[in-house]
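Peer 1: Please work out how this folds:
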Amino acid sequence: MLSILRRSRRTNASAHGLTTMRAALLLPLVLALSLLGSAAQAAVSAKDVAPALDEQAAQLAAESTAAAVAVEDVSGVAEPVAPLVDEYGNKVEAPVAPQRTAPSPGLIGAGTYTFAAATGVALEDMSSGTTLLLVADKDDDASTIAPIGFDFWYDGVRQTLFSVNANGLMRLGVANISTAFSNTMTSTTNNPHIAPYWDDLWLGNNGKVHYKVVGSAPARRLVVEWQNEQVPRVATATSGAATFQAWLYESTGSIQFVYGSGMAINSANGGYTIGLGTGATSFAAVSTATNTVSYAVANDSQTGAIPSGTAYTFIPNSPNAPGALSFTAVGLNTMTLNWADTNANEVGYAIYRSVDGVNYDFIRQTAADAISSVETGLASNTTWSWRVVAVTEGAVSTAATGSQATTTGTVSGTRSVGPTGTYASLGAAFTDINTNGLAGNLLLELQAAYLSAVETFPLVASQGSPSNTITIRPESGATALSITSANTTIK
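Peer 2: Presented below is the predicted three-dimensional model:
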């Protein structure tokens, strides 16, 4: 959206000035207004502007910004946190402020995440290509937020970020994990959480927590490793020998815990917890003594050793692909996507959009049983590619795909602006653009008799195309033009 906002300023112009705007949805619109007068010269600075977005696209932009900030933080390791102690020198848990968690559409249970135990499973090789989350010799410390590397659904909610602490716990989402060390499966403090081995631990002075993404789309896998943890917990300046990993699978949504050597008997702090959790009644608690899972009774007091090569896997339901994608109600800036609901177990349909057919952006997730979605805020005269997938609590179906162009506008060529021009004002030109859309590049030439007093500010051009430009300049022979208003800021 192009808007000229109110601010006191006066601008002069000549025939040699040039204003160019690249109009594009989801691409910055840039209007560089520089109308240079023969007697006096001035310029209005240009700023990037963006077309109006619907509410969902605005939320997407906010999420992308948050994710970008989080990714930048990954390059640094979190600062150490000094443990709290009571008057006798015993470690006590720091209070944690109440934390809001995105609601889950379903509960973790036998009908949503099946469980399997296996033996003889090797750890992923983490000797190279990893990113550090926590350095050696840490007690309770929490990492910064890191990118999962792909869209991952957990209990029906799309996740792209995670964090971990030295106590064998992972949290998904934009909220950072806490340094709490009391392992309680039904706790809501760090939800949604994934617990490969949750206890009050100490990362050995020869250890670390690190991660990497292996494989290629759509079958990538996030591997997070707690290397050389002290099991049981001892103290600072002491080596650890226990290593375990959490694997998160793209598309299938499966979650797997794999255990290496050093997972010894551990009764030092009342026992450990293994499993998944998104709420006080939404969890899967593993009992390592029997290699079984309970979705109703937590097990936070087990102490037994875990043999090297043990693996526990949680497998969500798999959805069918939606029916073939079709398009109706196609307009300048809108279209409706239609598909057949082919599932009885989905929590919704995820919609992705691309302007080049290669790079897709997540747009929204519909409710379950949806068969259409109205998409607005699109650029005119542009071919949009779409992917629609069904999602369960964790798995994603193959996609229904299709492409559809928005309708072509009627405004293009060279048009004059002034008392005897095609348009009496720039405002009238923008109204025509917004109503009828661009059909190609547009040149707006200001007549010598043009006066900005006829304008009603702010001026807004909300329609655009990735390939078309709008150029505003004085017509040949027009000199000493001025745009005078309480508003000449381009934003």
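Peer 1: give me the low-pLDDT residue ranges for the stretch 51-200 of the chain?
Peer 2: Scanning the stretch 51-200 of the chain for pLDDT under 70 picks out the ranges 51-106.
Peer 1: Could you rerun that using 50?
Peer 2: 51-76, 81, 96-105 (pLDDT under 50).
Peer 1: residue ranges for the helices of it, please.
Peer 2: Assigned by DSSP state H, counting those that start in this stretch, the stretch 51-200 of the chain shows helices spanning 55-73.
Peer 1: Retrieve the pLDDT associated with Leu438.
Peer 2: For Leu438, the pLDDT comes out at 87.
Peer 1: Surely it and Thr407 touch.
Peer 2: No. Counting by CB atoms under 8 Å, Leu438 stays clear of Thr407, with 11.3 Å between them. (C-beta placed from N, C-alpha, C; glycine too.)
Peer 1: Correct me if wrong: Leu169 contacts Ile177.
Peer 2: Yes. Counting by CB under 8 Å, Leu169 does reach Ile177; the two are 6.5 Å apart.
Peer 1: what touches both of the two?
Peer 2: Common contact partners of Leu169 and Ile177 (CB atoms under 8 Å, 6 or more residues apart in numbering): Asn190, His193.
Peer 1: okay, and the common contacts of Leu438 and Thr407?
Peer 2: Ser380, Asn381.
Peer 1: rewinding a little: and Leu169 and Ile177? which has more neighbours close in?
Peer 2: Leu169 (28 against 22; other CB atoms under 10 Å).
Peer 1: Just want to know which of Leu438 and Thr407 has more residues nearby.
Peer 2: Taking neighbours as other CB under 10 Å, Leu438 and Thr407 compare with Leu438 leading, 25 against 16.
Peer 1: bridging residues for that one?
Peer 2: Taking DSSP bridges as the rule, Leu438 bridges to Val411.
Peer 1: Val286 now?
Peer 2: Assigned bridge partners for Val286, using DSSP bridges, are Val293.
Peer 1: and the gap between it and Pro316?
Peer 2: Distance from Val286 to Pro316, counting by CB to CB, to the nearest Å: 16 Å.
Peer 1: again with Ala136
Peer 2: Using CB to CB, one gets 35 Å for the distance from Ala136 to Pro316.
Peer 1: what helices or strands is the helix or strand hosting Thr435 leaning on?
Peer 2: Applying DSSP states H and E as the criterion places Thr435 in helix 426-436. The contact analysis (3 or more CB pairs under 8 Å, 6 or more residues apart in numbering; DSSP states H and E) places helix 426-436 against strand 411-417, strand 438-446, strand 460-461.
Peer 1: Which SSE is immediately downstream of the shortest one?
Peer 2: Pointing back at strand 460-461 there. Trace forward from strand 460-461 with DSSP H and E and the next one is strand 468-474.
Peer 1: shouldn't Ala241 be in contact with Ser261?
Peer 2: Yes. At 6.8 Å, Ala241 counts as touching Ser261 under the criterion of CB under 8 Å.
Peer 1: What helix or strand is the closest residue to Leu134 other than its chain neighbours located in?
Peer 2: Closest residue in space to Leu134, ignoring its immediate chain neighbours: Val209 at 4.0 Å, by CB to CB, 6 or more residues apart in numbering. Using DSSP H and E, Val209 falls within strand 202-214.
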